[in-house]
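S.K.: pasting the structure only:
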């Protein structure tokens, strides 16, 4: 392990102050990704990204996701006057150790109720719920759009292909969020835990322990 001044590659540049996207923190909190060094390094360095082998799939995902966000926004506008979409919902909050940044897909607000909606098009993951929880926890630090009325009831939602999942935020959840943010903004680099399954989803090209080969299949005659 090294300190926060030691980059994995000379082309990776230290950010000066840790900067973490909500999606990175959500993956860390949920356990969907087991390598703690991944979100930590991303938070501390502007890194060279691994070439995308699935550019066509990414392009199709953007189209599919965009269509679903527009559909949801139209549905919410039929119910509420104040509806905000993607960049209008941009959140950036600087704490003692790290900046947390993200943008919910759709939000709407009334005098009595505010809703955060995040649209997912792929397989359901625990990180989906944590992503919305983090947005909910950051509400108190925002002063526009969804957050105009801090006294309104706040509700969070994940929108999947065939259903909507309501998300709740408890005091324990909020404590975990702030502790996780502090960890990812900390100066000590966590141990890397490389594996084929983890590394193939990682876009940090400079990781010195990246595992590229799928584990070999052993043979046994006992079963």
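M.R.: Now that the structure is in, tell me what you want to look at. Everything numeric here is computed off the predicted structure, so don't read it as measured data.

S.K.: which stretches of the protein have low pLDDT?
M.R.: 1-5, 51-57, 143-151 (pLDDT under 70).

S.K.: how about the strands in it?
M.R.: When assigned using DSSP state E, the strands of the chain occupy the ranges 13-14, 19-21, 45-46, 82-85, 91-94, 99-102, 106-109, 113-119, 153-159, 164-167.

S.K.: residues of the longest helix along the chain that come out buried?
M.R.: Identified as the longest helix of the chain according to DSSP state H is helix 55-77. Within helix 55-77, the residues that count as buried by 16 or more other Cβ atoms under 10 Å are 68-69, 72-73, 76. Every C-beta, even on glycine, is put in place using the N, C-alpha and C of the backbone.

S.K.: so residue 154 makes contact with residue 110?
M.R.: No: applying Cβ atoms under 8 Å as the test, residue 154 and residue 110 come out as separate, 11.7 Å apart.

S.K.: more neighbours, these two?
M.R.: Applying other Cβ atoms under 10 Å to residue 154 and residue 110 shows that residue 154 carries more neighbours, namely 20 against 14.

S.K.: can you pull the contacts of that one?
M.R.: The contact partners of residue 154, taken as Cβ atoms under 8 Å, 6 or more residues apart in numbering, are 113-116, 136, 139, 169.

S.K.: for residue 16, state which of the residues you listed is nearest.
M.R.: Nearest to residue 16 out of these is residue 139 (Cβ to Cβ; 27.3 Å).

S.K.: give me the number of residues near that closest one?
M.R.: Neighbour number of residue 139 under other Cβ under 10 Å is 18.

S.K.: that one and residue 181, how far apart?
M.R.: Residue 139 sits at a distance of 15 Å from residue 181 (criterion: Cβ to Cβ, to the nearest Å).

S.K.: can you map out the helices along this structure?
M.R.: 22-30, 37-44, 55-77, 126-138, 171-184, 196-199.
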